[in-house]
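Colleague: The sequence isn't on hand, but the structure is:
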């Protein structure tokens, strides 16, 4: 197909009469026609004209085909999100270690003593009977409160007719008895 287009002959522009009433006559419109038939080569002149025609045709094809390609590329690149920038992958100045500061013996000893005191106090506090008693109470309260919350939601579900404790399908009398039993079990009046 490409060889047909390259060997195509271009017909010379022709004039077409115009019906434009404002100009008062004929207007010249140039129309170039392309024939895909091989022209009979009669000599040098026809081969030169066909070569010039094929290069012109090729230039026109390139011009007309570049516009859709450019539009497609612009749409494709427009839909790609923007990146933070070329320095976004670098860790920055805070990753560089600073100069070594002079060590003062007095401050180092003071810090070591404080760290030892803090470690001893933490150990004493964790082993204290008061902390153990409070942790046990907290665990028991958590279990008790969890049961109370579940009972409260069960009663609410029975009243509304939803959830695991739903009274849906019961007669109104059975429903009232069921809700009263749940409230008595939970200790709610």
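Modeller: That came through fine. Being a predicted model, the structure only gives us computed values, none of them experimental. Numbering: from 1, shown residues only.
Colleague: just the strands in this protein please.
Modeller: Here the chain has its strands, by DSSP state E, at 9-14, 31-35.
Colleague: Lowest average pLDDT across those strands?
Modeller: Sorting the strands of the chain by mean pLDDT places strand 9-14 lowest, at a mean of 47.
Colleague: Could you give the number of residues near residue 57?
Modeller: 18 (other C-beta atoms under 10 Å). Any C-beta I mention is one placed from the backbone N, CA and C, and that applies to glycine too.
Colleague: Check it and give its pLDDT.
Modeller: The model's pLDDT for residue 57 equals 75.
Colleague: Quick check: it vs residue 66, distance?
Modeller: According to C-beta to C-beta, to the nearest Å, residue 57 and residue 66 sit 15 Å apart.
Colleague: Please, where are all the helices along the protein?
Modeller: 2-6, 44-78, 105-127, 129-160, 172-186 (DSSP state H).
Colleague: and the ones you listed as CSV, adding distance to residue 95?
Modeller: Converted to CSV, these look like this (distance: least, C-beta to C-beta, whole Å):
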stretch, distance to residue 95
helix 2-6, 57
helix 44-78, 33
helix 105-127, 26
helix 129-160, 41
helix 172-186, 59
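Colleague: where in the chain is pLDDT low?
Modeller: Within the chain, the stretches with pLDDT under 70 are 1-52, 75-76, 78-92, 189.
Colleague: ok, 50 please
Modeller: By pLDDT under 50, the low-scoring segments of the chain are 1-2, 4-5, 9-24, 30, 41-45.
Colleague: related to what we said a few turns ago, right, and the helices of the chain - which one's nearest residue 99?
Modeller: Comparing the helices of the chain by their distance to residue 99 (C-beta to C-beta), the top pick is helix 105-127, with 17.6 Å.
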